[in-house]
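In: I'd like to go over a predicted model; first the sequence, then the structure.
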Amino acid sequence: MSKQIVYTEQAPAPIGPYSQAVKVDLASAASMLFVSGQVAIELAPLGDIQAETKQVMENIGAILKAAGKDYTNIVKSSIFVKDMNNFAAINEVYGRYFTSEPPARETVEVARLPKDVNVEISVIAI
Ligand SMILES: C=C(N)C(=O)O
């Protein structure tokens, strides 16, 4: 695959399951897939942040599969959380999907998410 993990000690080491950067060789990346933010709207009731994160990641996996890709193809993700106090709990579940070379990522706390879910994740895959 045409991706390379970038790491430098001149910037802070990742504080979660993500990479400082992922370099993609565009000449050999056959396609790019932009996956919209996924939310666990099929879960009811909401409240278990780890169950919600798992459902979101499974939804992303289904979309990746539909496009002929898998989690190893993800080079960038964005996590939107309603409560940053859930950072460690989300990381624990999210990290299970990336045993090595995790994507670059940002995690931001937001005031409110669609359908009042607690976490939304979007990804870019190559
Ligand atoms: C600090 C980050 N980039 C993160 O947790 O996604």
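Out: Arrived safely. Numbering: from 1, shown residues only.
In: residue numbers of the chain in contact with the ligand?
Out: Proximity of the chain to the ligand, by Cβ under 6 Å from any ligand atom, involves residues 15-16, 18, 105-107. Every residue, glycine included, has its C-beta placed from N, CA and C.
In: which of the residues you listed sits closest to Asn85?
Out: Thr107 (12.4 Å; Cβ to Cβ).
In: name only those of the residues of the chain next to the ligand that count as buried.
Out: 18, 105, 107 (16 or more other Cβ atoms under 10 Å).
In: need the residues of the chain next to the ligand in TSV (columns: pLDDT and secondary structure).
Out: Listed next are those as TSV, based on pLDDT from 0 to 100; DSSP: H, G, I helix; E, B strand; the rest coil:
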residue	pLDDT	secondary structure
Ile15	95	coil
Gly16	95	coil
Tyr18	96	coil
Arg105	98	strand
Glu106	98	strand
Thr107	98	strand
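In: determine which two of those are furthest apart.
Out: It's Ile15 and Glu106 that sit farthest apart of the residues of the chain next to the ligand, by Cβ to Cβ, at 11.9 Å.
In: now the protein against the ligand: closest residue?
Out: Going by Cβ to the nearest ligand atom, the ligand is nearest to Thr107 of the chain, at 3.5 Å.
In: mind listing the residues bridging to the nearest residue to that residue once chain neighbours are set aside?
Out: Spatially, and ignoring its direct neighbours in sequence, Thr107 is nearest to Ile79 (4.3 Å; Cβ to Cβ, 6 or more residues apart in numbering). Beta-bridge partners for Ile79, by DSSP bridges, are Thr107, Ile121.
In: surely Ile79 meets Glu109?
Out: No - the criterion here is Cβ atoms under 8 Å, and Ile79 misses it with Glu109 at 9.8 Å.
In: the two: which is more packed in?
Out: Per other Cβ atoms under 10 Å, whichever of Ile79 and Glu109 has more neighbours is Ile79, with 23 against 13.
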